[in-house]
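S.K.: One predicted model, sequence on top.
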Amino acid sequence: MIQIRKWAISACIAALLAPATANADSHPFIDVNSEFWAQEEIEFLADEKVVTGYDDETFRPNDPVKRSQAASMLVEALELETEDRPTPDFIDIQEDFHAFDIVAAIQDEGIIRGNDGYFLPNEAMTRGQMAAVLNRSFPISAGPEAVKTFKDIEEGHTFYTDIQAIAEARITTGYENNTYRPNDTLTRAQFSVFLARALAPEQFIDEAERETYANSRFNFEVTHPADWPAGEEAANGDGKLLYESDENQIRAYATHYMNDQAPDISEYRSIILDNGNGYYKEIEKDNTVEFDMFRLKNDIEYHLSGEVSLSFFEENEQEIKETILSYEVVDDAVQEKAEAKAAADEMVEALKNKNSENFASFVHPDNGVRFSPYAYVDPENDQHFSAKETEGLFEEDTEYLWGHYDGSGHPIEQDFSSYYEEFIYDRDFLNAEETSVNERIGQGNTIDNSQDVYPEAFIVEYYFSGDEEEYAGMDWKSLRIAVEKHEGEWYVVGVIHDEWTI
């Protein structure tokens with residue numbers, strides 16, 4: 001079980017960047033001077049005794065980091081037990097390998113998974129692999145997305161979620177041409193920068209000053225970089241140019257919905273904003289990028305759109321993304337969140353009381369309700385019931401295949417009452433330590449795709465932190481209730497259980 005101590009990531013880098021011949025007192029490094037691009041981060045880690053150089057007083061910042069070294073440093077940093085671990089099944093790792101126990105622990109925890117059955121201990125770790133290692137080991141998670149962060153990382157990429165996560169946390173910013181280059185090997189300097197930003201974000205991550213535009217006519221707010229050359233609010237009060245120049249314009253506005261002039265929803269994709277859901281499209285043509293985010297609430301269309309040069313978009317994509325995500329329909333968002341939370345509370349109370357008839361009254365009349373044992377919702381295989389079918393679930397003894405256990409892969413074949421005890425109400429969630437709406441609290445390795453499966457829903461989470469010291473907080477539990485509004489009433493469409501998985 002992973003146990004992360006205060007300087008976990010720092011300890012990781014110490015093991016990785018300090019070879020056996022390193023001298024811990026060899027500072028400063030003769031090959032890292034004030035002109036070197038990562039000098040501040042490397043010296044910060046050295047001052048914290050996180051990294052040391054070689055006997056010749058060099059740091060060798062451009063040397064690659066090997067996968068076996070990364071495994072060793074992660075086992076030490078995360079305080080992983082190396083005894084009594086399952087034998088690793090990597091083809092190239094035998095019992096006489098010097099780090100056999102380390103590889104066994106690191107594979108057992110699911111941190112480094114290998115490549116086609118090989119661990120490849122002497123290969124250099126790539127930038128994509130390091131993003132995955134950091135995201136699997138530490139509480140870093142990708143936030144809601146409006147536009148992809150790097151143009152060379154598509155949604156189907158192996159490390160898409162991991163790279164998005166460290167980009168959202170501003171641990172990485174990629175290269176000037178808006179690429180991440182996931183297959184490039186990671187150097188000691190690059191890793192030092194990753195780690196310094198993770199350890200001291202207030203020191204190494206610049207937070208741009210932002211200001212808020214509040215629209216009184218349609219009652220929405222959006223924040224944007226304070227140094228954007230903003231235009232004036234429109235004379236009719238429907239919105240404002242947040243960025244205005246000869247080549248680039250970005251505008252936030254709202255308008256009354258007209259069916260014959262409404263956006264074609266088929267051209268957009270669903271996104272999750274900081275305060276609700278929306279739709280987004282992006283078109284690149286002739287070195288120009290056109291984008292539009294819109295929400296439809298109470299017959300009002302809310303938009304944030306722009307037409308900018310490709311170079312501007314690539315240089316400012318993160319700022320544009322954060323601006324889009326900040327779009328909030330003020331009173332409406334707050335009110336709907338409160339309504340969704342109150343409705344979910346009633347549903348959880350019905351579950352606590354094992355009142356299937358009462359719970360059935362909350363089940364969506366058209367969409368029914370789906371039960372998911374882990375954070376990843378599988379629309380094809382998760383058990384789904386209509387409102388009528390849920391009325392007698394507690395009383396019947398029919399066994400269903402609810403999914404498969406994490407780790408063992410064994411089928412979860414149980415009647416509803418047994419599933420309820422293990423994967424619905426295994427804690428007193430009505431009295432949870434923390435709750436949230438559309439914001440994930442429990443952070444595990446399983447992908448949370450609830451907003452993709454339920455794009456129109458509010459996801460209400462009920463969370464308990466871990467309470468067993470031996471598990472270092474990894475025994476947390478969450479229950480998520482996906483609720484949708486239908487004809488003025490709130491209904492449940494998804495019941496999602498979550499916990500730490502390997």
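M.R.: That came through fine.
S.K.: how is the chain carved up into domains?
M.R.: Following automatic domain parsing, one finds the domains of the chain at 8-204, 210-326, 333-499.
S.K.: can I get these in a markdown table with mean pLDDT and mean neighbour count?
M.R.: In this view, the C-beta of every residue, glycine as well, is placed from N, C-alpha and C. Compiled in a markdown table, the domains of the chain are given as follows (pLDDT from 0 to 100; neighbours: other Cβ atoms under 10 Å):
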| stretch | mean pLDDT | mean neighbour count |
| --- | --- | --- |
| domain 8-204 | 80 | 18 |
| domain 210-326 | 91 | 17 |
| domain 333-499 | 93 | 18 |
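S.K.: Show me where this structure has its helices.
M.R.: 8-17, 39-47, 67-77, 100-108, 127-137, 160-168, 188-199, 201-204, 310-325, 330-352, 356-360, 387-390, 416-423, 450-453 (DSSP state H).
S.K.: Which neighbouring elements make contact with the fourth one?
M.R.: Counting contacts by 3 or more Cβ pairs under 8 Å, 6 or more residues apart in numbering; DSSP states H and E, helix 100-108 packs against helix 67-77.
S.K.: relative orientation of the helix it packs on and helix 100-108 in degrees?
M.R.: Counting by axes from the mean of the first three to the mean of the last three Cα atoms, to 10 degrees, helix 67-77 lies at 80 degrees to helix 100-108.
S.K.: CA atoms only for helix 67-77, dumped as CSV, please.
M.R.: C-alpha atoms of helix 67-77 as CSV (Å, rounded to 0.1, in the frame of the first residue of the first chain):
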residue,chain,number,x,y,z
ARG,A,67,13.4,3.4,-15.8
SER,A,68,15.1,1.2,-13.2
GLN,A,69,16.3,4.3,-11.4
ALA,A,70,12.8,5.7,-11.4
ALA,A,71,11.5,2.5,-9.9
SER,A,72,14.1,2.6,-7.1
MET,A,73,13.3,6.2,-6.2
LEU,A,74,9.6,5.7,-6.2
VAL,A,75,9.7,2.7,-3.8
GLU,A,76,11.8,4.8,-1.4
ALA,A,77,9.7,7.9,-1.7
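S.K.: Output the contacting helices and strands for it.
M.R.: Counting contacts by 3+ Cβ pairs under 8 Å, 6+ apart, helix 67-77 is packed against helix 8-17, helix 100-108, helix 127-137.
S.K.: Could you check how far the last one is from the centre of its chain?
M.R.: The chain centre lies 13 Å from the centre of helix 127-137; the measure is Cα atoms, centre = their mean, to the nearest Å.
S.K.: now do the shortest one
M.R.: Average the C-alpha atoms of helix 100-108, do the same for its chain, and the two points are 26 Å apart (Cα atoms, centre = their mean).
S.K.: Only alpha carbons, please: show that helix as CSV.
M.R.: Provided in CSV are the C-alpha atoms of helix 100-108 (Å, rounded to 0.1, in the frame of the first residue of the first chain):
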residue,chain,number,x,y,z
PHE,A,100,14.0,-7.5,-8.4
ASP,A,101,12.1,-6.7,-5.2
ILE,A,102,11.7,-3.0,-6.2
VAL,A,103,10.3,-3.9,-9.6
ALA,A,104,7.9,-6.4,-7.9
ALA,A,105,6.6,-3.6,-5.6
ILE,A,106,6.3,-1.0,-8.3
GLN,A,107,4.4,-3.4,-10.6
ASP,A,108,2.1,-4.6,-7.8
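S.K.: neighbouring contacts of stretch 263-274?
M.R.: 144-146, 277-281, 292-295, 301, 324-328, 438, 451-452, 455 (Cβ atoms under 8 Å, 6 or more residues apart in numbering).
S.K.: One more pass at 7 Å, please.
M.R.: Applying Cβ atoms under 7 Å, 6 or more residues apart in numbering, the contact partners of stretch 263-274 are 144-146, 277-281, 294, 325-328, 438, 451, 455.
S.K.: which one of the residues you listed is nearest D345?
M.R.: Checking the contacts of stretch 263-274 against D345 by Cβ to Cβ gives N438 as the nearest, at 15.7 Å.
S.K.: T212 and P225 touch, don't they?
M.R.: No: the pair T212 and P225 does not pass the contact test of Cβ atoms under 7 Å, sitting 11.5 Å apart.
S.K.: Just the endpoints, please. Distance across stretch 235-248?
M.R.: Stretch 235-248 has an end-to-end distance of 21 Å (Cα to Cα, to the nearest Å).
S.K.: let me fix that: stretch 254-268
M.R.: End-to-end span of stretch 254-268 (Cα to Cα): 18 Å.
S.K.: Give me the nearest residue to E244, chain neighbours excluded.
M.R.: Once flanking residues are discounted, E244 sits nearest to G231: 3.8 Å by Cβ to Cβ, 6 or more residues apart in numbering.
S.K.: Could you check how far that neighbour is from S305?
M.R.: 14 Å (Cβ to Cβ, to the nearest Å).
S.K.: what do you get for R440?
M.R.: Using Cβ to Cβ, R440 is found at 28 Å from S305.
S.K.: just V483 next, same as before
M.R.: Distance, V483 to S305, by Cβ to Cβ: 30 Å.
S.K.: just Q414 next, same as before
M.R.: Relative to S305, and taking Cβ to Cβ, Q414 is found at 49 Å.
S.K.: before we move on, what about K321?
M.R.: Plainly put, K321 is 14 Å away from S305 if you go by Cβ to Cβ.
S.K.: cool, P225 as well?
M.R.: Using Cβ to Cβ, P225 is found at 17 Å from S305.
S.K.: same question, S465
M.R.: 41 Å.
S.K.: Same check on E391?
M.R.: 47 Å.
S.K.: again, but for Y327
M.R.: In this structure, Y327 and S305 are 11 Å apart, going by Cβ to Cβ.
S.K.: what's the answer for L120, then?
M.R.: L120 is 46 Å from S305, by Cβ to Cβ.
S.K.: coming back round to it: could the helices of the chain be laid out in JSON lines, adding distance to H497?
M.R.: JSON lines is the format used below for the helices of the chain (distance: least, Cβ to Cβ, whole Å):
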{"stretch": "helix 8-17", "distance to H497": "27"}
{"stretch": "helix 39-47", "distance to H497": "39"}
{"stretch": "helix 67-77", "distance to H497": "28"}
{"stretch": "helix 100-108", "distance to H497": "23"}
{"stretch": "helix 127-137", "distance to H497": "21"}
{"stretch": "helix 160-168", "distance to H497": "20"}
{"stretch": "helix 188-199", "distance to H497": "30"}
{"stretch": "helix 201-204", "distance to H497": "32"}
{"stretch": "helix 310-325", "distance to H497": "27"}
{"stretch": "helix 330-352", "distance to H497": "11"}
{"stretch": "helix 356-360", "distance to H497": "15"}
{"stretch": "helix 387-390", "distance to H497": "16"}
{"stretch": "helix 416-423", "distance to H497": "4"}
{"stretch": "helix 450-453", "distance to H497": "12"}
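S.K.: so which of the ones you listed comes closest to K151?
M.R.: It's helix 310-325; of the helices of the chain, that one is closest to K151 (Cβ to Cβ) at 7.1 Å.
S.K.: how far is the closest one from where the chain is centred?
M.R.: For helix 310-325, the distance to the chain centre is 19 Å (Cα atoms, centre = their mean).
S.K.: May I have it exported as CSV, CA atoms only?
M.R.: Listed in CSV are the C-alpha atoms of helix 310-325, where the atom choice follows Å, rounded to 0.1, in the frame of the first residue of the first chain:
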residue,chain,number,x,y,z
LEU,A,310,-3.0,30.0,-35.1
SER,A,311,0.2,31.4,-33.5
PHE,A,312,-1.8,33.3,-30.9
PHE,A,313,-3.9,30.3,-30.1
GLU,A,314,-0.9,28.1,-29.6
GLU,A,315,0.9,30.6,-27.4
ASN,A,316,-2.2,31.4,-25.3
GLU,A,317,-4.1,28.1,-25.3
GLN,A,318,-3.9,27.6,-21.6
GLU,A,319,-5.2,31.1,-20.8
ILE,A,320,-8.0,30.7,-23.3
LYS,A,321,-8.9,27.3,-21.8
GLU,A,322,-9.0,28.7,-18.3
THR,A,323,-11.1,31.6,-19.5
ILE,A,324,-13.6,29.3,-21.1
LEU,A,325,-13.8,27.1,-18.0
